[in-house]
Structure formats: structure tokens, C-alpha cells
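> here's my sequence, what's the structure:
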Amino acid sequence: MASTPSRLVVLSLLCAGLFLVCLTLQSPMIASSSRGTQVIRRLVRPMIPAMMPRSSPIGSRGGLRAFCDAVGSKDKPERRKRVLSGVQPTGTIHLGNYLGAIKQWVDNQDKYENFFCVVDLHAITVPHVPKELKESIIKTAGLYIACGIDPSKSKIFVQSHVSAHAELTWLLNCATPLNWLERMIQFKEKARKQGDSVSVALLDYPVLMASDILLYQADLVPVGEDQRQHLELTRDIARRFNDQYCKGNQAKKLRLDGAARIMSLDDGTNKMSKSAPSDLSRINLLDTADQIREKIKKCKTDSIKGIEYDNPDRPEATNLLNIYSQATGAPVEDLLNEVESKSWGEFKPLVADALVEQLKPIREKYNEVTKDPEILAGVLEDGAAAANEVASTTHLWAKEAMGFIPPGKVRETLVAPTKKKEKVA
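Residues are numbered from 1 along each chain as shown. Reported below is the predicted structural model:
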């Protein structure tokens, strides 16, 4: 029988060997391989929802974490929570886009890792003019910076500059039942308006949105109330993909926190929109001071004396108070004490003046940014490079899960069956 010291030596050698095996199994090279370790990457990484500020008119308690994480991910250094959001380059960015979304991005950009894109692929789901689209893409990106998004803190890029968005959409299409898309309320409403001219792209819009979210493994996805159903569909698509191709993962239930929206100036029951026929229905961020005052002066009101808040019979009063509150930074309750006895003729100039002061720096910054093409071009190129780095990794994970052969792994795939046969023999 071996002596006690000898047994200790043998035991030490065994422990060292096991330690080396564990290190090998957790190495990035082995973890990314589908052979040997039988690693099945998961499409959905359950997201831990985090609350966006309640003051946000479109605050969200949820986004989704995406795709297949490698074995050993728990050993990776923690990263800051990631935010993904964007605005379509259709028309001009207006007050609702700014107060409801972009201002919140600016206020919170120090807290998160941020990816803000100009979602031009979404913009072509309806008929458009190519020349106007090009102009709107540049204008939207310029306004992001003018509104206060700092390229040194946040990645700004154009959606179509990252090809993984379109490619992953096709992969997700193959896992998404048609009847899920046909149930989408927005598609039904727009299809009724467009009739026979409605495009397949409009039907597929929510899958592209799911691709946007999942590519960046976003922890927070600030969206409007009208996008709630699409965000919930993203969860369902991700879970279905995972069930089909990446066994063993369960997506956590998506939770959202709704809040007020900035409504149209000519109808307090409808959201302020870039697609509304009348330009008087919205305040565009690049409107002049005279245009802003004229629009507020002409906005819809009622014949009731005094200003009220949250009265369902007076949506225009609630909307203007919300706008006034956002423009001044003061709580609605405090402002209501100040203006509740005023007439519309007295209240409207206060709102207009506050908006003029709030939007003036944005117009000035926009003119400065767009004066030198190199500034904006550099920001978008850097943003696209950073976005591609994250998105291409996620895209590759999804392709491998579905059985595709990555360009650099053809030889490896051809050799694998031969080695298996040799092992059996």
C-alpha cells in the first residue's frame, strides 16, 4: 500500500488535473464550440427589469435580454445595464418624441450603456420618397446630438448600417407563426387604411423590432404605450426560438410601466404624431419661436373657464399642462396652483414661452452640428462600428443555434464527422 505522503501527492495531481479540465471547458474557444462540451447557447437571457423614471411619458419597466449566452458567463465581468431605443426618420422629430423619449435618454445616459439608432428600416414599411428619407436620416441623427445625446457616452448609429438587423429578422421570421403577426392591433388598423396596397413589411414590422431588441441584449427598451403589444411579442418570439433551438431556458415575464403621453395639439385624445396631416397638430423641434407661439395659440381648447388636470372631459387642458410641466421642469401639481384660475388666453402664452426657451438651445446645437459634415459622419461611423461588434456576435450565436455553418468553420465542420467515425471504430 502506498504511504500517506504518496497518496497525498497522487491526490494533489488528480485535483490539479481536474482544475485544468474545468479551465479548458470554460475557455471561450471550447465554450463557443458545439462539439465536445455540447454547449447549447440560449437565445433568450432572462432580463432583470429596471424602472425607467416615472416622469417619462413612455417609461418602460422592461426590455428583453437576448440570445444565447455561453457557458461560464457568470464569470464574465458585470456590465452596466444596456438601453436600446430609436426614432423613425419620417417627417421631423417633434415635441412628443423629445419629451416622451429623447429627453429621457439624455437625462439617463450616464447610468447605462446606450445604443440609440435611427430606425430607417422601419421607416420604409410604408410608402416613402427616397430623397426625403436620406434627408430625414441625417436630420434625425443631428437632432439626437442637438438634444444632448453625447457620442462619448452613447452610441448613435443608423439601423441599416448594421446588417445583422435585417438578417436576424429573417431568422426570427422562420420561428414566428403568421397568426401571431396578424393579431397585432397596429397592423390591423394600418391595413384597413391602406387596403390592398398594404405591404408584407408592415406585417413583419414587429419581428424587425424584436430583432432590434434581441441583437443588443437590451436590459431597458423605452417604448410608447402603442408599442406594448410589439414588445410582448418580442418576448414570445424569443421564447419560441429558444424552445426550438436552444433548449432549457425560460424567459421571465415582461413587465411594463405605463405613463402619460404628449398628445396632439388639435385633439387631446390622440398622440402627437409625425404622420398627422396638419403640421399645426405638433411642435417640431426645429420650429422657430414664431411658429411655436402660433401653434400654441391655435391649438384646440374648450369653452370651460379655468385650467384643470386629469379631467377626462378636458383632455386638451391636461395635455397643455403636461407640456408646460415638461418644458419648465416643475411638477404639474405646483403649476396647477399657479394657473388653475387663468383663462386660455392667459395660459397659452406661458406654455409657448416655456417651449421657446426649452427648444432654442436644440435648434442652435443642431445648426452647429450640421454645419460640418465630418462631425456627424464620424459619430455615425463610430456608432455603427460599436453596434456591429455587439450585434454580429449575437447574430452568429443565433445562426449557430439554428444549424448554420459560420464562414470560418467550414473545415471544422467537415472534419468533425470523420473524427466521430474514427472514435467509434
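
> do a quick rundown of the strands in the stretch 201-350 of the chain.
All residues of the stretch 201-350 of the chain lie outside strands when identified by DSSP state E, counting those that start in this stretch.

> touching, residue 300 and residue 270? I think so.
No. Look at residue 300 against residue 270 with C-beta atoms under 8 Å: they stay out of range, at 10.7 Å. Just so you know, the C-beta spots here come from the backbone N, C-alpha and C atoms, and that holds for glycine as well.

> distance check, the nearest residue to residue 401 once chain neighbours are set aside against residue 307.
The spatially closest residue to residue 401, leaving aside those adjacent along the chain, is residue 245, at 4.3 Å (C-beta to C-beta, 6 or more residues apart in numbering). Counting by C-beta to C-beta, to the nearest Å, the gap from residue 245 to residue 307 is 56 Å.

> next one: residue 236
Distance, residue 236 to residue 307, using C-beta to C-beta: 43 Å.

> have a look at those two and say which one is more surrounded.
residue 307 (24 against 15; other C-beta atoms under 10 Å).

> can you report how many residues neighbour residue 115?
Summarising burial for residue 115: neighbours were counted as other C-beta under 10 Å, giving 24.

> ok, now residue 207?
Burial measure for residue 207: 23 neighbouring residues, criterion other C-beta under 10 Å.

> pull the contacting residues for the spatially closest residue to residue 293 that is not a sequence neighbour.
Of all residues not flanking residue 293 in the chain, residue 352 sits nearest, at 4.5 Å (C-beta to C-beta, 6+ apart). Residues in contact with residue 352 (C-beta atoms under 8 Å, 6 or more residues apart in numbering) are 292-293, 296-297.

> how far off centre is stretch 325-338?
Centroid displacement of stretch 325-338 relative to its chain, using C-alpha atoms, centre = their mean, to the nearest Å, is 29 Å.

> ends of that stretch, how far apart?
12 Å (C-alpha to C-alpha, to the nearest Å).

> ranges for the helices of the stretch 301-425 of the chain?
With DSSP state H, counting those that start in this stretch, the ranges of helices along the stretch 301-425 of the chain come out as 315-328, 332-339, 344-371, 373-402, 410-424.

> most packed of the ones you listed?
Most buried of these by mean neighbour count (mean count of other C-beta atoms under 10 Å) is helix 315-328; its value is a mean of 22.

> looks like residue 285 contacts residue 95 (just checking).
Yes. Counting by C-beta under 8 Å, a contact exists between residue 285 and residue 95, whose distance comes to 7.1 Å.

> these two: who's more crowded?
Counting neighbours by other C-beta under 10 Å for residue 285 and for residue 95 shows that residue 95 has the greater number, 24 against 21.
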